[in-house]
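Undergrad: Sequence first, predicted model second:
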Amino acid sequence: LSIMIKKMKSRKVWGDWIDYGMGDDPISEDNIMYKGHLNLMYGIYQLMTGEEKFSSEYTWLTNQIIDEMRRHHSEGKYEGADCEPGRYFAQCNSIALLSLKIYDKLYNTEYSNNEAQWTIDFIKNNMTGKKYGFYLKMYNTDQNFCYSKPSGYTNAWTMTFLRSFDKDYNESLYKIWKEHFTKEIGPYAYVKEDIEAGANPLATITGMIAAKEFGDVELFTKL
């Protein structure tokens, strides 16, 4: 994990942010899909090993994320952080939220009860479907609307990482997701990205993570 963290900080990993003209710095604004993952890796490393060699970086990056969340909250437009300029994903924000929950455990802060809850409330109010409660794929923060199409991988990923915040909602959603997005073929199974489509590799991989998190041994084995 220490090696993975060092790789995450390599320009080979984050340099595309600058190369594609997204901004001058992949950490200071937006890009929660990168800095949220890095922050979670910092937290997991310290939680698992008890070593604090990344603790100053973990605290600094946590403060960057919290400052951005508070700024968006004060502006009143949306909660959390964009993945790319104008593009907001529930699944990427869920990674950052889990990093805050671990930070709270290590440092006795209250970020998961305050700032994280703002984001969860925003996602549930603006990025879930009315019929089944599925998490929706993307919110456009420039134009303030949500793409309404449900996504197999979005739900598998988001349910898994938000379970520790809202166990009942996500466990009930898992059963509905399984009914609509998985397909069993004899001893095998796959996950669909679209309810009406066929097998999708990304949806199947994240489906394995969800099946493991929710203790669904039968589906995990078939996937």
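TA: Good, I have the coordinates.

Undergrad: Show the residue spans covered by the helices in this structure.
TA: If DSSP state H is used as the criterion, the helices of the chain fall at 2-8, 11-19, 32-49, 55-75, 90-107, 115-126, 152-162, 167-181, 201-213, 217-222.

Undergrad: Do me a favour and average the pLDDT over the shortest one.
TA: Which is helix 217-222. Rounded to a whole number, the mean pLDDT of helix 217-222 is 97.

Undergrad: And for stretch 37-50?
TA: Mean per-residue pLDDT for stretch 37-50: 98.

Undergrad: Same check on stretch 56-66?
TA: If you average the pLDDT over stretch 56-66, you get 97.

Undergrad: give me phi/psi at Tyr132?
TA: phi -110, psi -10 (degrees, to the nearest 10).

Undergrad: so how many other residues sit close to the nearest residue to it once chain neighbours are set aside?
TA: When the adjacent residues along the chain are set aside, Tyr132 lies closest to Ile176, with 5.2 Å between them (Cβ to Cβ, 6 or more residues apart in numbering). Backbone N, C-alpha and C define where each C-beta goes, glycine included. The local packing of Ile176 (other Cβ atoms under 10 Å) involves 14 other residues.

Undergrad: try Lys124
TA: 15.

Undergrad: before we move on, what about Met4?
TA: 11.

Undergrad: got it, and Gln46?
TA: Counted with other Cβ under 10 Å, residues neighbouring Gln46 total 20.

Undergrad: That one touches Ser56, doesn't it?
TA: No. In terms of Cβ atoms under 8 Å, Gln46 does not count as a neighbour of Ser56; the distance is 11.1 Å.

Undergrad: Ranking helices and strands of this protein by mean pLDDT, which lands last?
TA: In the chain, no helix or strand scores lower on mean pLDDT, DSSP states H and E than strand 145-150, which sits at a mean of 87.
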